[in-house]
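A.B. asks: sharing a sequence plus its predicted fold:
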Amino acid sequence: MFNNIIQFIWNKKYISLFISLFIIVLTQRFLNERQNGLINSVSSDGLGYYCYLPAAVIYQDFSYDFYDKKENNINPFYKPGFNEYKNQFYNKYYCGTAICLLPFFLLGIIISAIAGTDINGYTDTFLMLVSMASIIYYLLSVFMLSKIARFFGISEKISFITSLLFLFGTNYFHYLVQEPSMSHAYSFFAVTLFLYTYIKLLENVTNKKLIYLALALGLVALIRPVNVVVVLFTPFFSESLKDYALFLKNIFTNHLKGLIGFISVVVATICIQFIFYYLQTGYFYIVSYNGEAFNFNNPEFFNVLFSYKKGLFLYVPLLLATIIFVLITKKNWHKKIIFLITFMVFLYITSSWWCWYYGAGLSIRPFVDILPLFIIITMFVYNQQSSVLKKIVMTLSVPFLFMSQLMAYQYSNLILDIGEMNKEKYWDIFLETNLETINAKKIQRILSSHHIIKSETLTFENDVVDNTISNIGYKSKKSCVVGKNNCYSKGFCISLKELTIKETFYVIAECYVKTSPEGKNLALAVSVNEKENCAEWFVVFRNQFDEGKDGWTKMTHVAEIKASFINDLRVIKIFGTTEKGENYIDNLKYTIVKK
């Protein structure tokens, strides 16, 4: 019976995997502490990648004025930041991701037209289809990887399991589930497509297959130009460098017309991006990432691989284990060297980017793009091992799955800092999932080794009961009301000028809250403000902490205020906030500690 079930699932593996991933997307997006639902289907850099679609298909408006027109009913959250070139605003991001999403976008228009809902590109229909797109492209990639495996005589079972390992055991999982509008899921697909079309060409060279290869390489470049280094990996599929050279010679001597077609199609495909530049600015060529560049004289190899901030091998240790596994096994060194050369070239270029940590995100996200190379080398080397060693390798892979999923959970539940991790934060959250425990450990460490500058507590006991003060308190008679009628609690406003601090310091915020069912997202916030503008915002939410038996919950927060945010015109504010329900906050306390 059990074997029959397993066999049925295997026979329907792609359908089963789609359903499983779709359920994971729904649960992850709606049930974690971010509770972002569908809204973050298009977010961060994905706002820029995606905006080509409504601009070109729905509005035919590359001035992007449609975002500001009330009749279009577009949430301001979805308007990306635009750069300016000669008084014209333009989208700096490359259009390849939008091209991958185009079929799903058109499907969204059809569904919306039938259902009679808004066709603005940003309703729940469109957002759900973006999430589905990342799953579909992953499944297509898994299918193509199985064909690549067959090229080497590797079973579909090994290729399927290896593909799953590198999904659930790396940060690819996060970008597929949580941020599907980012380019990485589509780069993963495009790189896999290029390698698949390459082996088909290797099996039988024809002019038509050269055109298919050109389209795949053009797509790789349109999504992220740096990824064309995957071309360096192509000798991997030949038995020797001599065979590879003979293969190229055959193309140059016997398929010149196809080669010209290949070059023409690659150039024509890349020109799509220049057409979009023209539609936005009136110029076919601009430096879209103006002010952002590579520093090839100073690559940040160590930081990219090992730093606590984002280090690849620290946050995606499966990749380090893969490289070690490749190096310690015997045979096929020319293939291993090709893999390592490709990896090192990609590492060099990636490490040379001015922002080596690539902003907010889970680890160094560009490496998701070349995971197909890791999958191919892993299943190739694994397939050559003895059955005993295969079992050992499978067993040793389990901790990497656990670590990856733990970090994905920490990231999704606002435990892992999305942009400012360091050594202390890394070890504070190591193997931890409870924010209360993490903050208690962190506060104890800070208070035991740093100098306290100032501390105050608000108990509200001397305040008059009104619409902002309640006679319900935590082990007291009064508390501050916060909710739908009063979005911000009473709190503290501390002048940085009066603190006379010029170096990085900590703000420890604490309070007790009692929330209504609607107010579970009540936030304890620490903000750095200059006049009416918020320069930085640090926040934790009530639903990240366990409720006490008496209905009150202790919330704690540790905010690190960097020296770069400090000037005499700014103030630190500490307060509770929510727009929902009627909630109570008591014993609001802050402690400022010099780092």
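C.D. replies: That came in fine, so what should we check first?
A.B. asks: and the helices in the stretch 301-450 of the chain?
C.D. replies: Along the stretch 301-450 of the chain, counting by DSSP state H, counting those that start in this stretch, helices occupy 301-306, 312-315, 317-328, 333-351, 371-383, 387-412, 423-429, 435-449.
A.B. asks: buried residues in the fourth one?
C.D. replies: Within helix 333-351, the residues scored as buried using 16 or more other CB atoms under 10 Å are 335-336, 338-340, 342-343, 346-347, 349-351. Yep, even glycine has a C-beta here, placed from its N, CA and C like the rest.
A.B. asks: and the angle for that helix with helix 371-383?
C.D. replies: Orientation check (axes from the mean of the first three to the mean of the last three CA atoms, to 10 degrees): helix 333-351 against helix 371-383 gives 150 degrees.
A.B. asks: then helix 333-351 to CSV, C-alphas only?
C.D. replies: Output for helix 333-351, consisting of C-alpha atoms alone and laid out as CSV, is shown next (Å, rounded to 0.1, in the frame of the first residue of the first chain):
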residue,chain,number,x,y,z
TRP,A,333,39.3,16.8,-12.8
HIS,A,334,38.9,18.7,-16.1
LYS,A,335,35.2,19.0,-15.4
LYS,A,336,35.8,20.0,-11.8
ILE,A,337,38.3,22.7,-13.0
ILE,A,338,35.7,24.0,-15.5
PHE,A,339,33.2,24.3,-12.7
LEU,A,340,35.6,26.0,-10.3
ILE,A,341,36.8,28.5,-13.0
THR,A,342,33.2,29.4,-13.8
PHE,A,343,32.4,29.8,-10.1
MET,A,344,35.5,31.9,-9.5
VAL,A,345,34.9,34.2,-12.4
PHE,A,346,31.3,34.7,-11.2
LEU,A,347,32.6,35.3,-7.7
TYR,A,348,35.1,37.8,-8.9
ILE,A,349,32.5,39.8,-10.8
THR,A,350,29.9,39.6,-8.0
SER,A,351,32.4,40.6,-5.3
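A.B. asks: thinking again about what came up before, can I get the buried residues of helix 333-351 in a markdown table with distance to residue 174 and pLDDT?
C.D. replies: Listed next are the buried residues of helix 333-351 as a markdown table, based on distance: CB to CB, whole Å; pLDDT from 0 to 100:
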| residue | distance to residue 174 | pLDDT |
| --- | --- | --- |
| 335 | 30 | 95 |
| 336 | 29 | 95 |
| 338 | 29 | 97 |
| 339 | 24 | 97 |
| 340 | 26 | 97 |
| 342 | 24 | 98 |
| 343 | 21 | 98 |
| 346 | 20 | 98 |
| 347 | 21 | 98 |
| 349 | 23 | 97 |
| 350 | 18 | 97 |
| 351 | 21 | 97 |
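A.B. asks: which one of the residues you listed is nearest residue 284?
C.D. replies: When the buried residues of helix 333-351 are compared for distance to residue 284 (CB to CB), residue 349 comes out closest, at 25.1 Å.
A.B. asks: how about the closest one, nearest residue that isn't a chain neighbour?
C.D. replies: With CB to CB, 6 or more residues apart in numbering as the measure, residue 226 is the residue that lies nearest to residue 349, at 5.4 Å, once sequence neighbours are left out.
A.B. asks: that neighbour and residue 52: what is the separation?
C.D. replies: From residue 226 over to residue 52 the distance is 20 Å, taken as CB to CB, to the nearest Å.
A.B. asks: same question for residue 173.
C.D. replies: For residue 173, the distance to residue 52 - CB to CB - is 26 Å.
A.B. asks: cool, residue 412 as well?
C.D. replies: 28 Å.
A.B. asks: who's more crowded, these two?
C.D. replies: residue 52 (24 against 20; other CB atoms under 10 Å).
A.B. asks: my guess is residue 112 meets residue 122, correct?
C.D. replies: No: between residue 112 and residue 122 there is no contact under CB atoms under 8 Å: 10.8 Å.
A.B. asks: between the two, point out the one with more neighbours.
C.D. replies: Just comparing residue 112 and residue 122: by other CB under 10 Å the higher neighbour count belongs to residue 122, 24 against 18.
A.B. asks: and the longest strand along the chain, what does it pack onto?
C.D. replies: With secondary structure taken from DSSP state E, the chain has its longest strand at strand 582-594. Helices and strands in packing contact with strand 582-594 are listed as helix 435-449, strand 451-458, strand 479-483, strand 492-495, strand 505-514, strand 570-577; criterion 3 or more CB pairs under 8 Å, 6 or more residues apart in numbering; DSSP states H and E.
A.B. asks: just the ones you listed: most buried one?
C.D. replies: strand 479-483 (a mean of 25; mean count of other CB atoms under 10 Å).
A.B. asks: for this protein, which segments are assigned as strands?
C.D. replies: Secondary structure of the chain, counting by DSSP E: strands at 83-85, 88-90, 451-458, 469-470, 479-483, 492-495, 505-514, 523-530, 533-541, 553-561, 570-577, 582-594.
A.B. asks: strand partners (parallel or antiparallel) of the second one?
C.D. replies: To tie it back to what came earlier, the one meant is strand 88-90. strand 83-85 (antiparallel) (DSSP bridges).
A.B. asks: again, but for the third one
C.D. replies: Neighbouring strands of strand 451-458 in its sheet, by DSSP bridges, are strand 582-594 (antiparallel).
A.B. asks: how far does the lengthiest helix in the chain sit from its chain's centre?
C.D. replies: With DSSP state H applied, the helix covering the greatest number of residues in the chain is identified as helix 124-151. Per CA atoms, centre = their mean, to the nearest Å, the displacement of helix 124-151 from the mean C-alpha position of its chain is 17 Å.
A.B. asks: what's the angle from it to helix 371-383?
C.D. replies: Using the same axes, to 10 degrees, helix 124-151 lies at 40 degrees relative to helix 371-383.
A.B. asks: give the buried residues for helix 124-151.
C.D. replies: By 16+ other CB under 10 Å, the buried positions in helix 124-151 come out as 125-139, 141-146, 148-149, 151.
A.B. asks: again with stretch 367-387
C.D. replies: Under the neighbour-count rule (16+ other CB under 10 Å), stretch 367-387 has 367-383 buried.
A.B. asks: same deal with stretch 218-232?
C.D. replies: Of the residues in stretch 218-232, those buried under the neighbour-count criterion (16+ other CB under 10 Å) are 218-224, 226-230, 232.
A.B. asks: just to revisit the earlier point, would you format the helices of the stretch 301-450 of the chain as JSON lines with distance to residue 477 included?
C.D. replies: Putting those into JSON lines (distance: least, CB to CB, whole Å) gives the following:
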{"stretch": "helix 301-306", "distance to residue 477": "53"}
{"stretch": "helix 312-315", "distance to residue 477": "48"}
{"stretch": "helix 317-328", "distance to residue 477": "53"}
{"stretch": "helix 333-351", "distance to residue 477": "59"}
{"stretch": "helix 371-383", "distance to residue 477": "59"}
{"stretch": "helix 387-412", "distance to residue 477": "39"}
{"stretch": "helix 423-429", "distance to residue 477": "36"}
{"stretch": "helix 435-449", "distance to residue 477": "26"}
